[in-house]
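1. sequence and predicted structure, then a few things I'm wondering about:
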Amino acid sequence: MWYFTWILGVLLASSFGIINVLWLEAQEAMDQESIILDPLTRLPTRVRFLEKLESHIDEYKASQIPFSVMFISMDAFRSLSQQEDNEFVNNMVMAIAEVIKQNIRLPHDFIARYDAATFTVILPGATASIAKTIAERICKNAVEQTNVPTSDSIISIGVAEYPTLIAENIDDSIQEQVTTLLKETDKACKDAQKQGKNSFCCANDEVVS
Amino acid sequence: MTLDYETLKVIWWLFIGILFIGFAIMDGFDLGIGTLLPFIGKTDEERRVLLNVVGPTWEGNQVWFVTAGGALFAAWPQVYATAFSGFYFALLLILFALFFRPVGFDYRSKLPDPRWRNAWDWGLFIGGMVPALVFGIAFGNLLQGVPFHFDTDLRSYYTGSFWGLLNPFGILAGLVSLSMLIMQGGIYLQLKTEGVIAERCKKAIFWSGLIFLVLFLLAGLWVAYGVDGYRIVSMGKLDAAPNPLGKIVQTETGAWMDNYNYFGWLFMVPIMAIVMTLFTILLSRLDKPGLGFITSSLTVTGVILTAGLSMYPFILPSSSAPNSSLTIWDSSSSYMTLKALFWSTVVFLPIVIMYTSWVYRVLRGKVTVKKIRENTHTAY
């Protein structure tokens, strides 16, 4: 009868294994549920973006894999939100979000609605060169695919590559690095805004349009 | 030559290629013999001859596979992680099929009951045929790309299923592998046996060689004109730390022929595989199985190199997110790991080759029915 002990042991071990896997899956599903999403675009918000950014900076120490960050300012939102009705503005925001989603590298890239008029994207593994190619694509397609009735710029994009951008501050704390990176990307975005005409600008180099 | 990071990445592509070729040559012949067992061995004693041809060495041969898996883990961890979780059920199938081998070899002849022995012979057939087929199917799926991607945290996710691997091109590649290893097994069996068994081997080599040639050519045409190949259009620094998302990859039918179109002399490799198969058939007919085993091994080398050179530098292309494809540049271990592995290989590989050669020297000579009768209690 000794083999009953073995069978019982194997069954118990299998049961614990299965319970463990189910528990982990349930936990992951609950984590996903608890992420606060932007009610309009159903994209993650600023808090989740900052968590992700911190985690990528932290991971870099071990993996040495660079990544890029993108600030996408909806210029049209800023100019038209006072003139047009809410439905028009909402549709425009959703259309721009859709263009961004279609042109970034889903499922690798992480997109969030940073604030009312800004989307942010983290592009894991992307060098500035890849990020610029993607930014160029988004700028081009924003004009062709969103049908926003404005002769002004629809979007402006600021791009920055980590860690090359903050090589001098690499020993700073993660929080400080996040602040520096966001400041530089925002600055690049503002430089692109100054250029107008759906431009993008890389914090690592000069303005491109 | 300086052992910089870029060079080491290429060297490790060669090393792992050599390990897989070594596995296909050495374990290939005993998988082939396992597949031939119920057909070439008509009587119990003949089947015992076949078992005793590979019985003393099959475990050693299988270590090539273990070593290749270990080297994959050490040198290309991303590939190991993605392939072993993606091909989980396929690998389990191979593993369960391989379970029949140690038990079959050791217990098959312990009882005289013909039903017992016959059942184990079919078990050994499964243990030989299934891995030979599934390895080929896996290779066929590599050429087509495997559905996986890296998520926002750079974790690899396999999105395919086991049944998805059993697509027409995958099955064709599986049959190429199976027929090739049957030929490899047949020629080794002819080398180690005599009389009626050796005569039956000739027939098996002829038909498996012929089928292999037709299927190999068909697979080649399919790759050139029907399978979407992968091409890197933008890549970061080759000596940088591995970054699986640092490149842009595009797919296009016929892109797997890029390396052959760029370096025309590479066509010598598939041509070598074809010519060596014809030589193997011929040498088998001329009762020169020793030379035939060399030409058959060159066929195996040619076939694996043909696929490897076509895919270079890709190792595991992704069909669902081509930018996630793994290449030698972005899935290798760190510089220090590759360097340490390189020197241990340089030291230990010659030792392994030396003792393997010594084992085969000790076990040289033919296995005959007479020898089985004389050693009926000690033989497999």
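-> Now that the structure is in, tell me what you want to look at. Numbers count the residues shown, from 1 in each chain, chains lettered A, B, ... in the order given.

2. what's the following helix or strand after the helix or strand containing residue A:32?
-> With secondary structure defined by DSSP states H and E, residue A:32 is part of helix A:2-34. Moving toward the C-terminus from helix A:2-34, the next helix or strand (DSSP H and E) is helix A:46-63.

3. which helices and strands sit right next to the helix holding residue A:32?
-> Under the contact criterion of 3 or more Cβ pairs under 8 Å, 6 or more residues apart in numbering or on different chains; DSSP states H and E, the helices and strands touching helix A:2-34 comprise an empty set. Where you see a C-beta, it was placed from the backbone N, CA and C, and this is true even at glycine.

4. ok now it, how far from the chain's centre?
-> In terms of Cα atoms, centre = their mean, to the nearest Å, the centre of helix A:2-34 is found 34 Å from the chain centre.

5. what residues sit buried inside that helix?
-> Judged by neighbour count using 16 or more other Cβ atoms under 10 Å in any protein chain shown, helix A:2-34 contains no buried positions.

6. how about stretch B:279-295?
-> By neighbour count, with 16+ other Cβ under 10 Å as the criterion, the buried positions of stretch B:279-295 are B:279-281, B:283-284, B:288-289, B:291-295.

7. with adjacent residues omitted, what lies nearest to residue B:131?
-> Nearest residue to residue B:131 in three dimensions, chain neighbours excluded: residue B:94, at 4.8 Å (Cβ to Cβ, 6 or more residues apart in numbering or on different chains).

8. surely the one you found is in a helix?
-> Yes - following the definition DSSP: H, G, I helix; E, B strand; the rest coil, residue B:94 is counted among the residues of a helix.

9. correct me if wrong: it contacts residue B:133.
-> No - with contact defined as Cβ atoms under 8 Å, residue B:94 does not reach residue B:133; the gap is 9.5 Å.

10. and the residue of the stretch 251-380 of chain B closest to chain A?
-> Using Cβ to the nearest Cβ, the single residue of the stretch 251-380 of chain B nearest to chain A is residue B:323, 5.9 Å away.

11. now the spatially closest residue to that residue that is not a sequence neighbour: phi and psi?
-> Nearest non-adjacent residue to residue B:323, counting by Cβ to Cβ, 6+ apart: residue B:249, 5.4 Å away. Reported as degrees, to the nearest 10, the phi and psi values for residue B:249 are phi -120, psi 140.

12. ranges for the strands of the stretch 1-150 of chain B?
-> B:148-150 (DSSP state E, counting those that start in this stretch).

13. that one against chain A: which residues are in contact?
-> Among all residues of the stretch 1-150 of chain B, those adjacent to chain A (criterion: Cβ under 8 Å from any Cβ of the partner chain) are B:149-150.

14. in the stretch 1-150 of chain B, which spans are helices?
-> Counting by DSSP state H, counting those that start in this stretch, the segments of the stretch 1-150 of chain B that form helices are B:5-40, B:44-54, B:58-75, B:77-86, B:88-107, B:114-144.

15. what's the third one packed up against?
-> Looking back up the chat, that one is helix B:58-75. Counting by 3+ Cβ pairs under 8 Å, 6+ apart, the packing neighbours recorded for helix B:58-75 are helix B:5-40, helix B:77-86, helix B:88-107, helix B:335-362.

16. now for the longest one, which elements pack on it?
-> The reference is to helix B:5-40. When contacts are defined as 3+ Cβ pairs under 8 Å, 6+ apart, helix B:5-40 packs onto helix B:44-54, helix B:58-75, helix B:114-144, helix B:168-192, helix B:195-225, helix B:289-311, helix B:335-362.

17. any idea which of the helices and strands packed on helix B:58-75 is most buried?
-> helix B:5-40 (a mean of 22; mean count of other Cβ atoms under 10 Å in any protein chain shown).

18. identify the residues contacting residue B:341.
-> Residue B:341 makes contact with B:12, B:71, B:74-75, B:333 under the criterion Cβ atoms under 8 Å, 6 or more residues apart in numbering or on different chains.

19. can you do 6 Å?
-> Residues counted as contacts of residue B:341 (Cβ atoms under 6 Å, 6 or more residues apart in numbering or on different chains) are residue B:74.

20. could you chop chain A up by domain?
-> Chain A resolves into domains spanning A:1-34, A:46-208 when parsed by automatic domain parsing.

21. could the ones you listed go into a markdown table alongside mean pLDDT?
-> Formatted as a markdown table, the entries for the domains of chain A read as follows, by pLDDT from 0 to 100:
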| stretch | mean pLDDT |
| --- | --- |
| domain A:1-34 | 84 |
| domain A:46-208 | 88 |
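
22. for chain B, what's the nearest residue on chain A?
-> With Cβ to the nearest Cβ as the measure, the residue in chain A that lies nearest chain B is residue A:125; the distance is 2.7 Å.
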